[in-house]
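Chemist: here is a sequence together with a model predicted from it:
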Amino acid sequence: METYNDLKSAILDINQDLRLVIRKAESIDGVSHDPLEAWKTTTNTVHRQLGEEMIRVAVVGSIKSGKSTLVNALFGGDYVKRGAGVVTSIVTKIRPGTSMKAKLEFKTWDDVNADMSQALILFSALPRESDDGQFDINREEDRVRLQKDVSGLNAGRLISEDARDPNSVLILEYLKGYERIKDLVSFEPKTHVFEEGEFYRQKEFVGEESLSVYLKDIVLTLVPPEGFGENLEIADCQGSDSPNPLHLTMIQDYLLSAHLIIYVLSSRTGLRQSDIKFLNIIKKMGLLKNIFFVVNCDLSEHESLTGMTKLVERARDELGMILPDPEVFAFSALHNLFNDLAQEKDTLSRKDLLRLEQWQEEADMVAFSEQGTDRFMQAVVRKISDDRLRLLLQTNLERISIMASGMQDWAQINHDLFSRDAGEIKAAFAEMEKRRKTSDQVTSVIKDTLDGTTEKLKRELRNDVDRFFDPQYGDTVQGIIKFVESYNISARDYEKDLETSGFLSTLYRIFQNIREATNRYMAETTNPKLVDFVRIGEEKIKEIAEQVSGPYSLMIQDAVDQHRRTAEKLGIRLQQRSYTPPKSPEIDLVKSDARLSIPPLVTAMRYSGRIKTEAILRLGIYNTMEAVKKLLRKRVGGDLDSAIRSLEDSVRRIKEQLRESITAHLMDYRENLKYQYLFKLVDAMSSSLYESLVDRMRAFTGSASDMSGLMENQRQARDQIVKEFVSLATSVSAVLDKVGEAERLLEGQNSFQHSG
Ligand SMILES: Nc1nc2c(ncn2[C@@H]2O[C@H](COP(=O)(O)OP(=O)(O)O)[C@@H](O)[C@H]2O)c(=O)[nH]1
Ligand SMILES: [Mg+2]
């Protein structure tokens with residue numbers, strides 16, 4: 001059932017035909033080209049949307065729940081690295097294509113240095129000999145010194161606690177990978193493509209933390225299973241329970257643009273605390289509408305089918321407490337994958353083959369899993385096809401249809417006018433020009449009131465945003481600040497650290513702890529609220545567009561009717577057609593046409609770049625230098641007390657700094673949200689609505705200004721023009737036939753989707 005691709009290419013063909021017709025029309029000399037530019041723009045938009053616009057599916061869940069296994073099983077091969085690590089946050093995107101390809105985008109040196117500097121705040125303040133303040137990974141001495149410093153820091157650390165500090169892990173991985181990666185990274189964004197035989201080399205990059213830290217983005221192109229079609233992106237996300245809160249935020253950022261979420265649970269563990277937490281975050285973000293759950297069944301884990309189904313039912317019940325009627329599917333992703341791999345010789349290891357054979361013996365479990373798989377595949381294909389038909393095919397075919405009809409009318413008007421005597425033409429033009437002036441008034445009234453509406457809407461949104469981010473009275477900013485302030489750190493707990501690794505290292509560690517906790521708070525509490533807030537703003541924009549489009553549409557319909565009556569009176573034989581009122585613009589398409597997206601949530605968490613290390617240290621270090629020296633020499637209680645007091649002062653300073661930088665940073669985010677997103681979205685929606693209204697009259701709105709010369713044209717020249725319009729009309733009519741055919745196919749596809 002590759003009908004999506006077929007229909008899409010049919011529509012693209014029609015669009016291409018229209019482009020040729022427009023070019024032909026442009027070559028007709030001495031005729032106003034007014035509507036042609038607008039039509040050309042429309043064909044470009046249609047072309048871009050059908051080419052680039054994606055339905056996005058996010059595969060999420062806890063670490064090791066089987067997300068990558070599921071994605072591999074979908075595409076029938078071991079393409080995505082399974083069991084990948086947790087240091088990096090990379091989201092692997094997969095798009096259907098005709099051959100295998102892996103596109104890796106690397107961070108730039110600036111990205112890397114910025115990343116490391118974030119991890120090095122306070123740490124980099126450790127006293128140094130030659131120092132220009134900035135860490136640069138390309139300087140050998142910087143790398144050597146950092147390696148030494150981090151190792152030293154950890155050596156002290158390992159004695160007291162065995163947890164690895166995520167920031168020093170990140171730094172160490174960067175340092176470790178440097179030599180191998182340095183030729184692939186540059187100051188400009190760089191990509192590397194692995195194709196055909198080299199395809200699997202991408203796994204080296206993903207599988208090894210020291211290389212994957214350098215990656216910014218991975219897109220795999222794979223041959224899809226039947227029914228998947230093009231314009232689809234499936235994202236294998238990192239575990240939502242990653243210890244790094246930034247990873248959670250990156251998943252949130254992806255979810256913002258996703259049309260479907262596939263949530264993977266492992267049957268080994270069922271629904272865990274971390275799942276419930278993450279699902280509640282998704283719920284708060286308002287994204288539970290389009291979610292499928294997969295219980296990834298481990299066929300080795302369960303004694304019998306009954307045991308397994310019991311677990312599935314339990315998961316269903318538990319999910320039911322978070323959302324009503326969850327769509328739950330249960331099957332073994334690994335079994336499906338092994339099955340696929342076993343088809344191809346030698347791709348499955350002996351051990352895995354044995355496992356597969358063992359599973360095959362459990363006939364009832366396998367049958368259960370296969371049924372679950374079928375049900376899942378059908379549901380996924382239906383969901384993405386539905387979305388794609390509605391969003392991409394329907395919308396664009398409608399646009400094309402309006403455009404082609406407009407062209408037909410336009411060709412007819414010109415044809416019929418130029419067929420007359422010069423005197424008659426003049427009179428007809430005058431008559432039409434009068435009508436045009438009246439309808440120009442209508443459109444300018446629409447424009448003005450629409451502008452008024454958008455201004456009012458922007459004011460409202462501005463108030464909403466300002467209130468949401470109010471630093472004193474709003475609970476968004478205050479919530480974070482209160483969290484920071486009440487975050488309890490007792491300097492006493494760090495006594496041991498003070499002794500083993502000294503004052504600065506201890507301070508660094510405390511800072512890292514506060515920052516991680518704050519980031520986590522923001523990811524879990526602030527971001528979902530923010531997303532929900534933005535969503536409400538978008539709803540408002542959509543609603544207003546819907547409200548006004550009705551009355552405006554009536555005004556346009558009236559104007560079109562009058563144009564048609566005028567034409568009729570002048571003896572122009574226009575096709576009868578019913579007026580199709582424009583729908584309110586699809587907000588998703590408007591966003592992508594205008595290249596708008598919510599400012600990434602991760603940017604809201606880069607506040608620590610603003611932290612002034614000296615401000616924190618001024619209080620602590622210089623006062624304590626003496627005390628620490630003594631402490632290191634003597635380790636007497638009195639000195640320890642004074643070091644702890646300094647530490648406490650510094651923690652106070654850290655919190656102050658955090659408060660300042662978070663507030664300043666969120667104020668930036670607030671402005672970005674208004675000016676770079678919401679206001680632009682209002683404008684884009686409004687102009688999209690306006691365009692689709694005016695589209696209905698395009699054929700009648702060409703200016704008559706360059707017609708005046710034509711009236712004096714020789715009979716001969718006019719005959720030529722008439723001939724050209726006859727041929728143009730024939731081409732348009734052929735296009736319109738194709739449009740009708742595509743419309744019928746689409747209609748059929750729609751009813752197939754809903755009966756199937
Ligand atoms: N025993 C067993 N292992 C599985 C199953 N599904 C996946 N795995 C393995 O568990 C590990 C983690 O799976 P992966 O798909 O990478 O999890 P992710 O972290 O959610 O992407 C991999 O080594 C998989 O091969 C299963 O049903 N049973
Ligand atoms: Mg994975």
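Modeler: Arrived safely, thanks for sending. Ligands and ions are numbered 1, 2, ... in the order given.
Chemist: so what's Asp558 up against?
Modeler: Val442 (Cβ atoms under 8 Å, 6 or more residues apart in numbering). The way it works is simple: take the backbone N, C-alpha and C, and place the C-beta from them, glycine included.
Chemist: what of Arg610?
Modeler: Taking Cβ under 8 Å, 6+ apart, one finds Glu660, Ser661, Ala664, His665 in contact with Arg610.
Chemist: what number of residues lie near the first one?
Modeler: By that I understand Glu660. By other Cβ atoms under 10 Å, 16 other residues sit near Glu660.
Chemist: ok, it - contacts?
Modeler: If you count contacts by Cβ under 8 Å, 6+ apart, Glu660 has them with Arg610.
Chemist: whichever of the contacts of Arg610 end up buried, select them in PyMOL.
Modeler: To isolate the buried members of these in PyMOL, using 16 or more other Cβ atoms under 10 Å:
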select buried, resi 660+661+665
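Chemist: please list the residues of this structure that sit near ligand 1.
Modeler: Residues of the chain found near ligand 1 (Cβ under 6 Å from any ligand atom) are 61, 63-69, 82-83, 239, 296, 298, 300, 332-334.
Chemist: in the stretch 451-600 of the chain, which residue sits nearest ligand 2?
Modeler: Taking Cβ to the ion, ligand 2 has its nearest neighbour within the stretch 451-600 of the chain at Ala523, 19.3 Å off.
Chemist: no no, the chain
Modeler: Ser68 (3.3 Å).
Chemist: by contact count, what packs against whichever strand or helix holds that residue?
Modeler: Per DSSP states H and E: Ser68 is located in helix 67-75. When contacts are defined as 3 or more Cβ pairs under 8 Å, 6 or more residues apart in numbering; DSSP states H and E, helix 67-75 packs onto strand 55-61, strand 92-96, strand 232-236, strand 260-266, strand 291-296, helix 333-343.
Chemist: the residue of the chain closest to ligand 2: neighbour count?
Modeler: Other residues close to Ser68 by other Cβ under 10 Å number 24.
Chemist: that one contacts Asp236, correct?
Modeler: Yes: the pair Ser68 and Asp236 qualifies as a contact (Cβ atoms under 8 Å) at a distance of 5.4 Å.
Chemist: name the residues contacting each of those two.
Modeler: By Cβ under 8 Å, 6+ apart, the residues touching both Ser68 and Asp236 are Val80, Thr92.
Chemist: show me the strands in the stretch 301-450 of the chain, by range?
Modeler: Taking DSSP state E, counting those that start in this stretch, the strands of the stretch 301-450 of the chain run over residues 327-331.
Chemist: any chance you could map the helices in it?
Modeler: 305-320, 333-343, 350-361, 363-388, 395-418, 422-468 (DSSP state H, counting those that start in this stretch).
Chemist: for Lys64, phi and psi?
Modeler: phi 60, psi 20 (degrees, to the nearest 10).
Chemist: same check on His192?
Modeler: Dihedral angles (degrees, to the nearest 10) for His192: phi -130, psi 130.
Chemist: and the pLDDT for it?
Modeler: Listed pLDDT for His192 reads 94.
Chemist: enumerate every residue touching it.
Modeler: Here His192 is in contact with Lys103, Leu104, Phe106, Leu184 (Cβ under 8 Å, 6+ apart).
Chemist: ok, which pair from the residues you listed is furthest apart?
Modeler: With Cβ to Cβ as the measure, no two of these lie farther apart than Lys103 and Leu184, at 12.9 Å.
Chemist: my read is that Ala333 contacts Asn296, right?
Modeler: Yes: Ala333 is in contact with Asn296 according to Cβ under 8 Å; the separation is 5.0 Å.
Chemist: which intervals of this structure have sub-threshold pLDDT?
Modeler: Under the criterion pLDDT under 70, the flagged ranges of the chain are 1-2, 85-89, 123-133, 152-165, 618-639, 702-713, 752-756.
Chemist: if we use 50, what do you get?
Modeler: Within the chain, the ranges that satisfy pLDDT under 50 run 1, 125-127, 129-130, 158-162, 622, 636, 756.
Chemist: if we can go back for a sec, which of the contacts of His192 are buried?
Modeler: Neighbour counting by 16+ other Cβ under 10 Å classes Lys103, Leu104, Phe106 among the contacts of His192 as buried.
Chemist: three-state assignment of the first one?
Modeler: Translated: Lys103. When classified by DSSP: H, G, I helix; E, B strand; the rest coil, Lys103 comes out as strand.
Chemist: can you tell me how far Ser117 is from Val185?
Modeler: 16 Å (Cβ to Cβ, to the nearest Å).
Chemist: more neighbours: which of those two?
Modeler: Neighbours were counted for Ser117 and for Val185 using other Cβ under 10 Å; Val185 has more, 20 against 17.
Chemist: next, that one: secondary structure please.
Modeler: Secondary structure state of Val185, per three-state DSSP, is coil.
Chemist: isn't it up against Val112?
Modeler: Yes: at 6.9 Å, Val185 counts as touching Val112 under the criterion of Cβ under 8 Å.
Chemist: spit out the residues that contact those two alike.
Modeler: What both Val185 and Val112 touch, as defined by Cβ under 8 Å, 6+ apart, is the set Tyr214.
Chemist: sorry, back to before: JSON lines please, covering the helices of the stretch 301-450 of the chain and showing mean neighbour count.
Modeler: Converted to JSON lines, the helices of the stretch 301-450 of the chain look like this (neighbours: other Cβ atoms under 10 Å):
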{"stretch": "helix 305-320", "mean neighbour count": "16"}
{"stretch": "helix 333-343", "mean neighbour count": "21"}
{"stretch": "helix 350-361", "mean neighbour count": "13"}
{"stretch": "helix 363-388", "mean neighbour count": "18"}
{"stretch": "helix 395-418", "mean neighbour count": "22"}
{"stretch": "helix 422-468", "mean neighbour count": "15"}
